[in-house]
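**Student:** Can you look at this prediction? I've put the sequence above it.
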Amino acid sequence: MSTPTRTGHAPIGDLQMYFEIHGDGGVPLLVLHGGLFDIELQFGALLPGLSAGRTVIAADFQGHGRTNDVDRPLAIPELTGDVVALLAHLGIEQVDVFGFSVGGAVALTLAIRHPELVRRAVVSSVAFTPDGMRPENTEAVGAMTVDMIEGTPMADSYRAKSPHPEGLQGLLDKLGALDPGPAWSDDDIAGYAAPTLYTVGDCDAVRLEHALRFLRLRGGDVNGDFVGVPATQLAVLPGTTHFTGIARTALVQDVVTTFLDA
């Protein structure tokens, strides 16, 4: 874990959104964690490499890490609005964005709905339509209880960092009822501007055929020797589940930084 050069809480309505800034230089990279994770749990091992030569902004979503919960459901459109407000608070006009799972859904929403904010996007382990997910994953998240995750790093980190450490079951309930927002159409996926790296585990909760569909909608799955390498790319990470989606630090860092620096 690298040492942040700045930390703080951005006032966004009743939300006090925790953020960290690491490194300096280049186009800022915004990193967005998945559900039940936080900055350190999701990106701690990656931050030293990601912030070498660039500024990295990391944020905790509503009810996660050091950000308080508020009286509203968890929903991708609202989480995206929080991120837009955070960037405005920091005075940042454009970023690269790297999001995993819930964070990947927010990253994709930013690229589609706020194209002026996003130069390049890394979208990891997220489906853009409901049929892209294996149904057992959704069912499992909806049934989660504190007892089921007791003793895990997620439970321990939540209690150590949260402004309301007694609220873990409430967070699990909100994650189980997460509103993904409207499904994206093929035109939505094909039409946004930011070059995108889509990553998925080879045994992820996201179906591999869905990842390939994303790539094809974005102009990929071509013979690059003859027509060139498309701006949108796909990385299938071997031996990787949804839970371990970006845990192979050296592999993920190489894939992500190579794409961002292209």
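**Tutor:** Ah, there it is.

**Student:** Strands of this structure, start to end?
**Tutor:** 6-12, 15-22, 29-32, 56-59, 95-100, 118-124, 196-201, 233-237 (DSSP state E).

**Student:** can you pull out the helices in the stretch 101-250 of the chain?
**Tutor:** For the stretch 101-250 of the chain, the helices defined by DSSP state H, counting those that start in this stretch occupy 102-113, 135-142, 146-149, 153-161, 168-176, 186-191, 208-217, 224-227, 249-260.

**Student:** Nearest approach to residue 126 belongs to which of those?
**Tutor:** Nearest to residue 126 among the helices of the stretch 101-250 of the chain is helix 102-113; the distance by Cβ to Cβ comes to 3.5 Å. Using the backbone N, CA and C atoms, a C-beta is placed for each residue, glycine as well.

**Student:** Now the closest one - C-alpha only, CSV.
**Tutor:** What follows is helix 102-113, C-alpha atoms only, in CSV (Å, rounded to 0.1, in the frame of the first residue of the first chain):
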residue,chain,number,x,y,z
VAL,A,102,-19.8,-2.1,-8.7
GLY,A,103,-17.0,0.3,-9.5
GLY,A,104,-16.9,-1.1,-13.0
ALA,A,105,-20.6,-0.3,-13.5
VAL,A,106,-19.9,3.3,-12.3
ALA,A,107,-16.9,3.6,-14.6
LEU,A,108,-19.0,2.4,-17.6
THR,A,109,-21.8,4.8,-16.6
LEU,A,110,-19.3,7.7,-16.4
ALA,A,111,-18.0,6.9,-19.9
ILE,A,112,-21.5,6.7,-21.4
ARG,A,113,-23.3,9.5,-19.5
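
**Student:** What sits closest to residue 122 if chain neighbours are left out?
**Tutor:** residue 98 (4.0 Å; Cβ to Cβ, 6 or more residues apart in numbering).

**Student:** Specify the beta-bridge partners of that neighbour.
**Tutor:** Under DSSP bridges, the beta-bridge partners of residue 98 are residue 31, residue 122.

**Student:** need the contact list for it.
**Tutor:** By Cβ atoms under 8 Å, 6 or more residues apart in numbering, the contact set of residue 98 is 29-32, 50, 107, 121-122, 124, 256.

**Student:** Which of those sits closest to residue 202?
**Tutor:** Distance to residue 202 across those (Cβ to Cβ) is lowest for residue 124, with 13.4 Å.

**Student:** didn't that closest one look like it was pressed against residue 105?
**Tutor:** No: the pair residue 124 / residue 105 is not scored as a contact, 10.2 Å apart, by Cβ atoms under 8 Å.

**Student:** where does residue 139 land on pLDDT?
**Tutor:** pLDDT recorded at residue 139 is 73.

**Student:** which residues are in contact with both of residue 124 and residue 105?
**Tutor:** Residues within reach of residue 124 and of residue 105 at once, by Cβ under 8 Å, 6+ apart, are residue 99.

**Student:** longest helix anywhere in the chain?
**Tutor:** Using DSSP state H, we find that the single longest helix of the chain is helix 76-90.

**Student:** buried sites along that helix?
**Tutor:** Using 16 or more other Cβ atoms under 10 Å as the burial criterion, the residues of helix 76-90 that qualify are 76, 78-87, 90.

**Student:** And stretch 204-216, by the same measure?
**Tutor:** In stretch 204-216, counting by 16+ other Cβ under 10 Å, buried: 204-206, 210-216.

**Student:** could you give me the average pLDDT of it?
**Tutor:** Per-residue pLDDT values over stretch 204-216 give a mean of 98.

**Student:** Residues in contact with that stretch: which ones?
**Tutor:** By Cβ under 8 Å, 6+ apart, the residues outside stretch 204-216 that reach it are 125-129, 131-134, 137, 189, 198, 200, 202, 221, 232-234, 236, 240-242, 245.
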